[in-house]
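S.K.: need coordinates for the following:
(one chain, ligands or ions: 4)
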Amino acid sequence: SKELGRGHHQFFRADMNQRSRERVQLINRLRRAQEGGELSLHYQPQMLLSSGQLKGAEALLRWQSPQFGSVPPDRFIPLAEDSGLIEPIGDWVLARCCETLRDWHAAGHTQLTLAANLSARQFRARNLVQKVAAEIERCAVPASSLVLEVTESVLLDRDGLTRDLLFGLKDLGLRLAIDDFGTGYSSLSYLRRFPVDILKIDRAFVRDLGKDADADALVRAIAGMARALKLTVVAEGVETAEQAALLKMLDCDYGQGWLFGKPQPAPDFARLFMA
Ligand code: C2E
Ligand code: CA
Ligand code: CA
Ligand code: CA
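M.R.: Ligands and ions are numbered 1, 2, ... in the order given. This next block holds a predicted model:
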């Protein structure tokens, strides 16, 4: 039995090694992916629920690897965060978003907003505000067209530095959204302490709308609170017309989800939604 135990142990080790080798390989490939043009942004529309009018889009990262195929962001973004690669990748995302806004403005769509996701790790860069300011200036787009989405984890803010950065970003004139609202550590007190403009209701709540009275009550409560605090509400993961109708009735402002459109490359987005 001692023999068997050692065998199991070795098997486990081999499995671990295999997995960490895969991880290292993926991180190395990701490091080169950006320069090799394997990363791209897809754009998902956000609609005004009352009229169905296009309000703007969220930019979502895609990685098409010749070696691994299409790697989902839920797989490679955590790796990018752990390895620190999210910093250069995040800079690239911001630059691309400002360029896309410049294109939209050049085409006359000056009312559209574009939302970019920011990882908590990107708040370690003390020059984050200067970097965002430089991109906005380079592309000559109004800061008010840009939305930055952060999750509740960013707002845990142990040292007060993140708070300074968020206020610095706000001072540029852009808007801040809380992503996946209601799924993280939410004491709600941060809604008063941070300069938040937009709440994005997580799709877990939207999914159960109309099926679960608790989900309806939660969305209603979030929208009511948002209204009282003069925040805008965007519902994520809207897949059905029933959900959209309920969200509108429950006083949500905007909807994003497959009902309105899937994330797609800029040319397809423009052809479908900006004609
Ligand atoms: P997220 O920011 O919550 O983005 C929304 C996710 O929901 C996207 O997944 C989107 O494709 C998906 N989605 C949109 N509508 C629907 C719907 O109607 N039904 C369903 N089932 N799903 C819908 P995606 O593109 O796979 O991205 C996953 C996550 O990766 C994002 O979640 C975000 O946390 C992260 N991510 C994506 N791009 C970036 C980026 O540029 N920077 C950072 N830091 N994170 C990113
Ligand atoms: Ca997001
Ligand atoms: Ca989200
Ligand atoms: Ca999410």
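
S.K.: ranges for the helices of this structure?
M.R.: Taking DSSP state H, the helices of the chain run over residues 2-33, 73-83, 86-106, 128-139, 161-171, 190-193, 203-207, 213-228, 241-249, 266-273.

S.K.: quick one, which of those is nearest to ligand 3?
M.R.: Checking these against ligand 3 by CB to the ion gives helix 203-207 as the closest, at 7.0 Å. Glycine gets a C-beta too; all of them are placed from N, C-alpha and C.

S.K.: L259 reaches E242, doesn't it?
M.R.: No - using CB atoms under 8 Å, L259 is not in contact with E242, being 9.6 Å away.

S.K.: flag every residue of this protein that's near ligand 1.
M.R.: Within the chain, the residues that sit near ligand 1 (CB under 6 Å from any ligand atom) are 44, 60-61, 72-74, 77, 93, 117, 119, 179-180, 203, 236-239, 257-258, 263.

S.K.: can you do 5 Å?
M.R.: Residues of the chain lying close to ligand 1 (CB under 5 Å from any ligand atom) are L60, L61, P73, I77, V93, N117, S119, G237, E239, G257, W258, P263.

S.K.: how about the first one, what does it touch?
M.R.: Going by CB atoms under 8 Å, 6 or more residues apart in numbering, L60 touches L41, H42, Y43, Q44, P73, N117, P263.

S.K.: which one of those residues is nearest to Q111?
M.R.: For the contacts of L60, the residue nearest Q111 by CB to CB is Y43; the value is 15.6 Å.

S.K.: quick check: that closest one vs E35, distance?
M.R.: According to CB to CB, to the nearest Å, Y43 stands 23 Å off from E35.

S.K.: so for those two, which residue has more residues nearby?
M.R.: Ranked by neighbour count (other CB atoms under 10 Å), Y43 and E35 place Y43 first, with 27 against 10.

S.K.: now do the same contact list for that one.
M.R.: Y43 makes contacts with A57, E58, A59, L60, T100, L114, P263, Q264, P265, A266, F269, as judged by CB under 8 Å, 6+ apart.

S.K.: circling back: out of the residues of the chain next to ligand 1, which are close to ligand 2?
M.R.: N117 (CB under 5 Å from the ion).

S.K.: which one among the residues of the chain next to ligand 1 gets closest to L218?
M.R.: G237 (14.3 Å).

S.K.: contacting residues around stretch 109-116?
M.R.: Under CB under 8 Å, 6+ apart, the answer for stretch 109-116 is 43, 46, 54-59, 93-94, 97, 100-101, 104, 142, 144-149, 175, 177, 274.

S.K.: kindly report the residues of the stretch 151-275 of the chain close to ligand 2.
M.R.: Counting by CB under 5 Å from the ion, the stretch 151-275 of the chain sits next to ligand 2 at D179.

S.K.: can you lay out the contacts of L60 as a markdown table showing distance to G108 and pLDDT?
M.R.: Shown next, in a markdown table, are these (distance: CB to CB, whole Å; pLDDT from 0 to 100):
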| residue | distance to G108 | pLDDT |
| --- | --- | --- |
| L41 | 21 | 98 |
| H42 | 23 | 98 |
| Y43 | 17 | 98 |
| Q44 | 21 | 98 |
| P73 | 31 | 97 |
| N117 | 27 | 98 |
| P263 | 23 | 98 |
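
S.K.: just the ones of these in strands?
M.R.: L41, H42, Y43, Q44, N117 (DSSP state E).

S.K.: now the third one: how far from ligand 1?
M.R.: Which is Y43. 11 Å (CB to the nearest ligand atom, to the nearest Å).

S.K.: V233 too?
M.R.: Distance, V233 to ligand 1, using CB to the nearest ligand atom: 15 Å.

S.K.: surely that residue and L250 touch.
M.R.: No - with contact defined as CB under 8 Å, V233 does not reach L250; the gap is 9.0 Å.

S.K.: low-scoring stretches of the stretch 101-250 of the chain, by residue?
M.R.: 186-187 (pLDDT under 70).

S.K.: farthest-separated two in the contacts of L60?
M.R.: Largest pairwise distance in these, by CB to CB, is 14.1 Å, between Y43 and P73.
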